[in-house]
Structure formats: structure tokens, C-alpha cells
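predicted model and sequence follow; I will ask about them next.
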Amino acid sequence: MARPLNKLSDAECKAAKPGMLGDGGGLYLDVKPEGAKSWCFIWKRDGKRSEMGLGAYPTVKLAKARKLAEEYREAVAEGRDPIVERRKDAEPTFAECAETFLATMEGQWRNATHRAQWRMTLTRYCEPIAATKVSEIGTELILKVLNPLWRSRPETASRLRGRLERVLDFAKAKGWRSGENPALWRGHLKSILPARQRLTRGHHAAMPYRDVPAFLQRLRGHEAMSARALEFLILTAARSGEVLGATWLEFDLEARLWTVPATRMKAGKAHRVPLSKPALEIVAALRNVRTSNYVFSGFAEGRPLSNMAFAQLLKRMNAAQFTSHGFRSAFRDWAGDLTTFSREVAEQALAHRVGDSTELAYRRADALEKRRKLMAAWAAYCTTVTDATVVSMVRA
């Protein structure tokens with residue numbers, strides 16, 4: 001004989017005394033001695049009693065509690081576990097899970113820079129899986145994130161893989177996923193991806209600085225967006241990721257300044273870049289025809305240029321032996337060989353840390369005005385094509 005359902009009324013729920021009042025079918029109103037009331041659903045399977053809360057009364061009204069109980073009775077009858085299914089419904093996306101993980105780790109970071117580096121890598125590079133539920137992330141998606149970086153930026157890719165593994169381990173501990181971690185190296189990705197030591201080639205191939213002016217003149221003959229982005233990269237001595245991800249909100253054209261936020265910097269610290277006249281002209285021209293939030297828009301609507309754009313452009317220009325990152329080396333060699341700007345100013349222009357922790361603690365300024373003169377001198381050098389053997393000394 002089936003147990004009766006819907007035994008309670010709204011009036012009975014309101015006047016209920018401390019104890020457990022059954023509505024039938026496993027639905028109960030739990031009334032605490034202090035008067036607090038909440039719904040719970042109780043069932044048995046294989047002699048084991050299970051219980052789950054359905055919310056507080058009267059926030060969850062009687063009719064709503066009955067509807068939930070009916071859904072859970074069906075799940076039990078079909079051999080499913082209502083608790084597991086509800087947890088599944090609350091499962092976060094990778095981006096949400098990563099944010100929760102970072103919050104739990106807040107007190108364990110070595111410093112603010114370390115914290116910012118984790119956040120940057122888990123946002124910038126993980127966009128392909130950001131909206132994916134953590135239980136749905138498998139090896140194929142992990143490789144989709146890692147493959148674009150594995151050969152070109154092995155150190156970054158290795159760190160990213162380790163951080164992906166940590167986040168997915170966290171998701172498993174929270175009950176949001178099960179099974180093997182698809183970002184695991186030993187016994188898994190190690191069998192798929194080549195070992196880093198076979199790929200690391202030392203320094204990025206850099207064009208000699210004496211060849212940069214002539215190359216820049218050739219580059220200006222190309223109308224592609226990638227050409228404008230590479231020209232801007234050369235003039236600012238910035239990293240490719242910083243340029244490709246640049247948004248309009250980062251620019252103050254009146255102040256001739258580009259501020260790259262900490263989340264997009266390798267060191268996890270915001271970096272101010274003074275814009276020389278040629279660099280400013282590139283941005284100003286693109287602003288008049290902008291089609292998205294990104295300064296250097298790609299072919300896909302609302303997306304920036306691909307991280308392969310520079311490599312493909314250099315190949316078309318018969319300069320595939322060089323890398324976009326190598327232009328930073330060209331800039332640094334030029335500054336050291338042909339100018340009297342101090343080492344510290346040149347290193348700050350590259351957003352490198354200069355000095356030990358004590359020195360850094362006392363020196364808070366970023367030498368912006370000195371760097372402005374340095375970048376103006378670099379732009380003048382790059383945009384003046386002369387006999388490669390005749391070079392004038394540039395003074396600070």
C-alpha cells in the first residue's frame with residue numbers, strides 16, 4: 001500500500017512545533033527548538049538512510065518543496081543519487097573553479113607577483129576552456145590549451161600545465177569531477193607531448209639591431225593588421241602577448257601612454273609604456289577604424305590577432321629565422337651598444353626586475369620620463385634608414 005502524499009497544509013506548516021513533520025513520500029519539515037524551519041528529503045537504498053536539505057521555510061514554500069521531493073523520488077526510483085545530481089547542477093565552469101581555487105590559496109602565495117602570475121596564466125591562456133564545466137574537461141581540451149605554447153614558449157607551457165593540474169585536482173576534491181586528471185604529466189601527457197629539453201633552444205632568434213631600420217621600412221609596405229602590430233611591438237619593445245591582447249581602455253593618447261595591466265604582464269605587475277611619435281601614430285590611426293575592444297583586431301569578430309600572426313608574417317617576409325620576441329633583444333643590444341642610457345632604464349623599458357628585494361622595496365618609481373627619452377631615441381633609430389655601418393651615438 002502506497003504511503004499517502006501531501007499530508008501537510010500551509011496552516012500546519014506555519015503553526016508547526018519543534019520536531020519532524022512528514023508530508024509523505026520522504027518530504028519532511030524539520031522544526032528546530034528555536035523555531036527555525038527547513039525542508040529535507042529522506043530516503044533509503046540498500047538499507048542505508050540518506051538525507052538532503054531542500055531549503056528553509058517559508059523561503060521555500062510547501063508547493064515548491066513538494067515539487068523538489070517529486071523530482072528526487074523519481075531519481076531514487078531510477079537508481080540515481082539526488083545528492084550527486086544536485087552537486088552536478090552546482091558544478092562550476094573552469095573559470096569559476098579557477099577563481100575559487102585562487103581564493104582558497106590567497107594566504108599561501110609567496111608575494112603579490114606570484115599571485116598575479118597564477119591569475120594571469122589561468123585567464124589569458126585558458127580562454128578555450130573558460131566556459132566549460134570542470135567535469136567535461138578531458139585530455140583533448142587540455143591539449144587545445146597547451147599545444148599553441150608547447151613549442152614556442154615551453155617554460156610558460158610547463159608552468160601552465162602544472163597550474164591546470166592543480167585546479168583540476170581541486171575540482172576533484174570538491175566533488176565536481178572524478179577520474180584521472182587530464183593535465184597530469186607522468187603517465188599521461190608525458191606520453192603525448194615532447195619533453196621540454198628537446199624543444200628549448202636557448203634565446204629567441206633576434207634580428208641584429210643594425211638590420212632593424214631596413215626591416216621596419218619593408219614592414220611599413222605591408223597593409224595587414226599583423227604588420228601594424230609587429231611595427232608597434234618593435235617600437236615599444238613589448239612582448240607579443242602584451243601587444244596582441246592590447247585593448248583600447250589601456251591607452252591614454254593625450255598622455256602618450258599605454259598601461260598594460262598586471263594580469264597581462266609576465267611579472268604580474270602593471271607596466272607603463274611611453275609611446276614614441278611613430279608608435280602613437282599607429283594607435284591613433286587604428287582608433288579611427290576600430291571594430292572591437294582590441295587594438296589589433298583579428299579576422300574573428302571581437303577577437304584579437306592570433307598568436308601565430310607574427311610568425312606567419314615573418315615567414316611571408318622571408319625572415320622566418322627570427323622571432324617577434326627577438327626584437328626585444330635587438331632593442332636591448334642597441335641600448336647597450338649605441339646609447340648612454342643606464343642599464344636600469346633599459347631593463348625597466350623591457351619590464352624586467354632590476355636589483356634585489358631590498359633595492360626594489362625602496363625604489364618604487366618606474367623612470368617613466370627617462371624611458372620616454374629612450375623610446376623616442378629607439379624610434380628615431382628604427383625609422384631612419386642609413387648606411388648600416390654608419391651609426392650615430394644616441395645620448396640620453
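It's in.

okay, buried residues for the helix ranked longest in the chain please.
Across the chain, the longest stretch assigned as helix under DSSP state H is helix 154-173. Buried positions in helix 154-173, judged by neighbour count with 16 or more other C-beta atoms under 10 Å: 154, 156-161, 163-168, 170-171. Backbone N, C-alpha and C define where each C-beta goes, glycine included.

so what does that helix touch, helix or strand wise?
Applying 3 or more C-beta pairs under 8 Å, 6 or more residues apart in numbering; DSSP states H and E, we find helix 154-173 packed against helix 94-104, helix 112-124, helix 139-150.

which one of these has the poorest average confidence?
In terms of mean pLDDT, the lowest-scoring of the helices and strands packed on helix 154-173 is helix 112-124 (a mean of 81).

helices or strands up against that one?
helix 94-104, helix 154-173.

again, 6 Å this time
Counting contacts by 3 or more C-beta pairs under 6 Å, 6 or more residues apart in numbering; DSSP states H and E, helix 112-124 packs against helix 154-173.

grab the nearest non-local neighbour of T247.
Nearest residue to T247 in three dimensions, chain neighbours excluded: N293, at 5.0 Å (C-beta to C-beta, 6 or more residues apart in numbering).

state the number of residues packed around that neighbour.
Look at N293: counted by other C-beta atoms under 10 Å, it has 13 neighbours.

any idea how far it lies from D30?
Distance of N293 to D30, computed by C-beta to C-beta, to the nearest Å: 51 Å.

now do A157
52 Å.

right, and the helix or strand after the helix or strand containing L29?
Assigning secondary structure by DSSP states H and E places L29 in strand 27-31. From strand 27-31 onward toward the C-terminus, using DSSP H and E, the following helix or strand is strand 37-45.

mind checking the pLDDT average for that following strand?
Averaged over strand 37-45, pLDDT sits at 91.

what's the answer for stretch 7-16, then?
On average, stretch 7-16 scores 92.

buried residues, it. List them.
L8, C13, A16.

now swap in stretch 82-92 and tell me
P82, R86, E91, P92.

again, but for stretch 118-134
Buried residues in stretch 118-134 (16+ other C-beta under 10 Å): W118, R119, M120, T121, L122, T123, Y125, C126, I129, T132, K133, V134.

other residues contacting that stretch?
91, 93-95, 97-98, 137, 141, 144-145, 160, 163, 171, 176-177, 263 (C-beta atoms under 6 Å, 6 or more residues apart in numbering).
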